[in-house]
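# any chance you can model this:
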Amino acid sequence: MTRTATPLLALLLLSLPSCGKKTPTTTPPDGGDGTTTDGGNADVVTSDDPPAEPPPPQDPDPAELGPAIHQVLTGHYDDAIAALEPIYSGMREPGQERASGMAGGWIAVAHAQVVFENAEAPAAHALEMAGKLQDPEVDAVSRLGRGAFLLAQEDYAAAKEAFEGAAAAAPGTAPSVYAQLLLAETLIGTAFGSASNTQVEKPEDLDAAKAAYEGAVQGADSAKGERDILMGRAKEGLAAIAKYQRDTKALCDNAFAALDHYQAAKASTFLLDGPSRLASDAKCEQ
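Next up, the predicted model:
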C-alpha cells in the first residue's frame, strides 16, 4: 500500500476541527538441554555453548551517512532514500556492519513515510546488524526503523514498545530523541484509536504524548547538529496537543516556534505545512 497521505500526526491534525529486547529465559537444573542455573540464581546462566566472537572492528561511518540522516529528519524522504540506498545495500563487509545497519534503520524511517511496505526489509537488516554489534546507536536506529514501519500500519502497541526501546538505547542522540517524537505520535494514535477517528477516546494518552514531546524538547539540545529540526518537530507536536486540549495560546506559541526551527533547519515544505496550517486555522497572530 502506498502512503499517499501525510504521516499520522498530520492526518490527525487535518481530521480534527515489537521489537524490544527479548527477555532471557532459564531452564530448571534438570531441564535436559545443557543449560543449568548457578546456585538457584535465575540471573546467572551457564551453557556448554562457546561464547560468541566479538564483532570485527568497524570502519568509520561514510561521509555521506550524516547528511543523508539529516535529509530523513528534515522530511526530504526521497532524497534521503536515494542517498542511503548505496550504504544500506552496498556496504555488507564485516567491517561495514555499523554503516549498513545505520543506513538500514534510517532508510526504513524514510520508507515508512512514502511506501511503508518498503521499510520492512531494511528495518530487519538493521535489527540483524544491531544483534551483531554492541553499539547503542545502531540498536536505537534499528528499533526506530522497526517502530516506524509498525506505526505506519497503526500497530500502536508494538510501535510503542519499539520506540521506548530506541529512546532508552542511546540517550542524547538524534535517534533517541526522534524515537521520543514518534512515541508521542504513537500515543496520539492510541488517544484517538485510529488516524481516521476525530474523537479523543483516551485523553490520558494525550497527556502522555505531551510529556514525550516535552522530553524531546529537553533532549534536542544534546543531539549533535540536529537541534533545530528535532526542536521543530517537538514544538509542532506540542502545538497539536494544545489544539486537541483547546489551549489557543500554547498552540500559537508552539506553532510559531516550530516554524522558526524548521526554517533554520531547512525543513521540507511538507513539514513546514503542518505548523503553518495549525497557526492559520487558529488565526494566530505574531
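# ranges for the strands of this structure?
35-38, 41-47 (DSSP state E).
# with residue 243 as the reference, measure out to residue 184.
Distance, residue 184 to residue 243, using CB to CB, to the nearest Å: 14 Å. Just so you know, the C-beta spots here come from the backbone N, C-alpha and C atoms, and that holds for glycine as well.
# of those two, which one has the most company?
Shown here are residue 184 and residue 243; by other CB atoms under 10 Å, residue 184 has more neighbours (29 against 21).
# my guess is that one contacts residue 213. True?
Yes: at 4.8 Å, residue 184 and residue 213 qualify as touching, with contact defined as CB atoms under 8 Å.
# need the overlap of contacts for the two.
Shared contacts of residue 184 and residue 213 (CB atoms under 8 Å, 6 or more residues apart in numbering): residue 237.
# off-centre distance for stretch 77-97?
Distance of stretch 77-97 from its chain centroid, counting by CA atoms, centre = their mean, to the nearest Å, is 18 Å.
# how about stretch 203-212?
17 Å.
# show me what it is in contact with.
180-181, 183-185, 187-188, 190-191, 200, 237-238, 241, 244-245.
# just the buried members of those residues?
180-181, 183-185, 187-188, 190-191, 200, 237-238, 241, 244 (16 or more other CB atoms under 10 Å).
# could you identify the most distant pair in those residues?
180 and 200 (21.2 Å; CB to CB).
# so residue 75 touches residue 268, yeah?
Yes: applying CB under 8 Å, one finds residue 75 in contact with residue 268, separated by 3.6 Å.
# neighbour-wise, which of the two wins?
More neighbours surround residue 75 than the other of residue 75 and residue 268, with 25 against 16 (other CB under 10 Å).
# how close does the more buried one sit to residue 276?
Taken as CB to CB, the span from residue 75 to residue 276 is 13 Å.
# ditto for residue 146
Look at residue 146 and residue 276: by CB to CB, they are 31 Å apart.
# the more surrounded of these two?
Between residue 146 and residue 276, counted using other CB under 10 Å, residue 146 has the larger neighbour count: 32 against 17.
# from what I can see that one touches residue 125, true?
No: under the criterion of CB under 8 Å, residue 146 lies out of contact with residue 125, with a separation of 10.6 Å.
# low-confidence ranges, this structure, go.
Across the chain, the ranges flagged by pLDDT under 70 are 1-52.
# let's see 80
Scanning the chain for pLDDT under 80 picks out 1-53, 194-195, 197, 224.
# wait, what's in contact with the closest residue to residue 282 other than its chain neighbours?
The shortest distance from residue 282 to any non-neighbouring residue, by CB to CB, 6 or more residues apart in numbering, is to residue 251 (5.3 Å). By CB under 8 Å, 6+ apart, residue 251 lies in contact with 239, 242-243, 278-279, 282, 284.
# if you set the cut-off to 10 Å instead, what comes out?
Neighbouring residues of residue 251 by CB atoms under 10 Å, 6 or more residues apart in numbering: 238-245, 275, 278-279, 281-282, 284.
# what about it, distance to residue 192?
Distance, residue 251 to residue 192, by CB to CB: 18 Å.
# what do you get for residue 186?
According to CB to CB, residue 186 and residue 192 sit 11 Å apart.
# compare these two (neighbour count), which wins?
Taking neighbours as other CB under 10 Å, residue 186 and residue 192 compare with residue 186 leading, 30 against 23.
# the more buried one contacts residue 167, doesn't it?
No: Residue 186 lies out of contact with residue 167 (CB atoms under 10 Å); the separation is 11.5 Å.
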